[in-house]
Each structure stands twice: as C-alpha cells, then as structure tokens.
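Undergrad: Attaching a predicted model along with its sequence, questions to come.
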Amino acid sequence: MNELGKRTLTGMLIVAAIVGAALAGKAWFAVLTGLIWAGCCLETVRLFSIRSELSSAMPDVTSGTVACYLLRVFSGILYVTLGMVCLYLLYVCLGCYGLLGFFVLIWSSDIFAYLTGSLLGRHKLCPKISPSKTWEGAMGGFLFAVGLAYVWKIWLLPDTGILFWLVFSVLTIVAGMGGDLLESAVKRKAGVKDSGRFLPGHGGVLDRFDSVLLAAPVALATWFILNWILDGKILFA
C-alpha cells in the first residue's frame, strides 16, 4: 500500500474511533482520551530525548543539563495533559455533536490547507519551522473550515446562535493551526520528521493530535467566556 493509501486508511480508522467513542458515551470517550494522552506523552519524552540533551554537553555533563531536560519533559507532559483534559471537558460542555463539530473544524482546516497549499501555495507561512506550509494553504483551510462550521451548525446544532458558533469556530481553527506549528517547531529542534511511527501515513500520535492540544483549551475557554458574556442568550440562531 502506498503512502496516500496508508494515510487515508489510518485517517478513516482515527475518525471512526473518535466518532464511535463520542456516540458511545462519556466513559468510552474518556478511555479513548486516556489512550491518546499516553501516546502523546511517550512521544513527548522521545522528542526531548535525554540522549540528545546530554550528547550536546558531552563530555561535560552537568546537573543543569539534566534539570533542563527534566523541565522540558515535564512542560511537554503538562501541555499534553491540559489539552486532553480540556478535550474531555469539551465533550461534557458541548455534548456529542458539539464535540464532533470541534473535530470537524480541526480536520477540515488541516485537509483543505494541505489541498489548497498544494494547488495554490506560493508564499511560505513559517519557512524556518515548517517549509511546506503556505499562506495560501492556511487561508484556504481557514475559509473551508468556517464554511463547514456553518453547515454543521445548521444541520446538527440548530439551537446554537450563529454568532456564538462563528466566534467559537474562528478561534478554534486559528488555535489548531498554531498547535500544528508549535509541534513542528519542537520536531525541528529535535531533528526528527515525525514524533513517532505508531500511525502509518501520519507518523506519531502527537503528529495527528498536535492541533487538538492547543485548540481544545482555547475552545473550552471560548465556550466559557461566551456563555458568561451572553448569559444564556442565543444570538442569530
């Protein structure tokens, strides 16, 4: 099977697992979230490998070098944990279709950014971090995701205000793109292309859920802030 075939099949299995767990209930989604958390944490430790940290300081290894490594690993695991906890809380706050809408925003912006960038990409977005990403791709992914967000709201979230969902969607999409770039920066510093090899065609678990790790806290904070501001009001339902 070629790389595109592997990527497509793995992507379908990931989507099926997330949709299935979300529809099955909170307990199943909590189990899936825990598995994703464990995979991301293991790959975080790998990215901040103590061997690379110590080899750069050899033969003069100091306690400061080890402390720096431990701090980076702890920060990475804390970041992953925050993202996964917020993802589960999104399910609690938004319900099944709201949570799946969140994933639609992340997935569609990623897919259409790749397609638009491949066809129209000319201007590099962050060449020092991710040479393949372009401004055209980012804008294409953003616009397509916002369009799908509107369709999702009309179809499955009719009681949600359009202004509420639009603000929620825009901030989620932008945060997802930021999470992708953040992981790319970490991988570039570590000198690796992928965070792991667990997911054929996608690399590691962290590669697949890098956008979620930053987008979930931002989305959850947005939900709370908008509910506090609107005080239960529905704007432009």
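TA: Alright, I've got the coordinates.
Undergrad: tell me the secondary structure for the most centrally placed residue in the chain?
TA: In the chain, the centroid-proximal residue (C-alpha atoms, centre = their mean) is Ser211; its distance is 1.8 Å. Recorded secondary structure, Ser211: helix (DSSP: H, G, I helix; E, B strand; the rest coil).
Undergrad: State the distance from Leu90 to Asp194.
TA: Look at Leu90 and Asp194: by C-beta to C-beta, to the nearest Å, they are 26 Å apart. C-beta here means a position set from N, CA and C on the backbone, and glycine is covered the same way.
Undergrad: Who has more neighbours out of those two?
TA: Neighbour count, other C-beta atoms under 10 Å: between Leu90 and Asp194, Leu90 has more, with 23 against 14.
Undergrad: What is the burial count for Leu13?
TA: Residues near Leu13, counting by other C-beta under 10 Å: 12.
Undergrad: Need the pLDDT of it.
TA: As predicted, Leu13 sits at a pLDDT of 93.
Undergrad: mind checking which helix or strand it is in?
TA: According to DSSP states H and E, Leu13 maps onto helix 3-24.
Undergrad: Can you list the low-confidence ranges for this structure?
TA: Flagging of the chain using pLDDT under 70 yields the residue ranges 1-4, 50-65, 232-237.
Undergrad: Which stretches in it count as strands?
TA: Using DSSP state E, the strands found in the chain span residues 124-126, 130-134.
Undergrad: Output those strands as a markdown table; include the columns distance to Gly25.
TA: What follows is the strands of the chain, written out as a markdown table (distance: least, C-beta to C-beta, whole Å):
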| stretch | distance to Gly25 |
| --- | --- |
| strand 124-126 | 39 |
| strand 130-134 | 37 |
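Undergrad: Let me have the ones you listed in CSV, extended by mean neighbour count.
TA: Listed next are the strands of the chain as CSV, based on neighbours: other C-beta atoms under 10 Å:
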stretch, mean neighbour count
strand 124-126, 16
strand 130-134, 17
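Undergrad: which one of those lies closest to Leu100?
TA: Smallest distance to Leu100 across these (C-beta to C-beta): 25.8 Å, for strand 130-134.
Undergrad: tell me, which helix in the chain spans the most residues?
TA: In the chain, with assignment by DSSP state H, the single longest helix is helix 63-120.
Undergrad: tilt between it and helix 3-24?
TA: Orientation check (axes from the mean of the first three to the mean of the last three C-alpha atoms, to 10 degrees): helix 63-120 against helix 3-24 gives 100 degrees.
Undergrad: re earlier: what's the closest of the strands of the chain to Leu226?
TA: Proximity to Leu226 (C-beta to C-beta) singles out strand 124-126 among these, at 28.2 Å.
Undergrad: quick one: contacts of the closest one?
TA: Residues outside strand 124-126 that contact it (C-beta atoms under 8 Å, 6 or more residues apart in numbering): 131, 133-135, 137-138, 181, 184.
Undergrad: how does it look with 10 Å?
TA: 113, 117, 130-139, 177, 181, 184-185 (C-beta atoms under 10 Å, 6 or more residues apart in numbering).
Undergrad: Looking at these, which one is closest to Tyr69?
TA: Ala185 (17.7 Å).
Undergrad: Number of residues surrounding that closest one?
TA: The burial count for Ala185: 14, using other C-beta under 10 Å.
Undergrad: follow-up on the earlier one: to Phe103, which of the strands of the chain lies closest?
TA: Nearest to Phe103, of all the strands of the chain, is strand 130-134, at 20.8 Å by C-beta to C-beta.
Undergrad: Could you check the angle the closest one makes with helix 63-120?
TA: 30 degrees.
Undergrad: State the distance from the residue nearest to Gly196 when sequence neighbours are not counted to Thr10.
TA: Counting by C-beta to C-beta, 6 or more residues apart in numbering, Gly204 is the residue found nearest to Gly196 once chain neighbours are left out, at 2.6 Å. Using C-beta to C-beta, Gly204 is found at 12 Å from Thr10.
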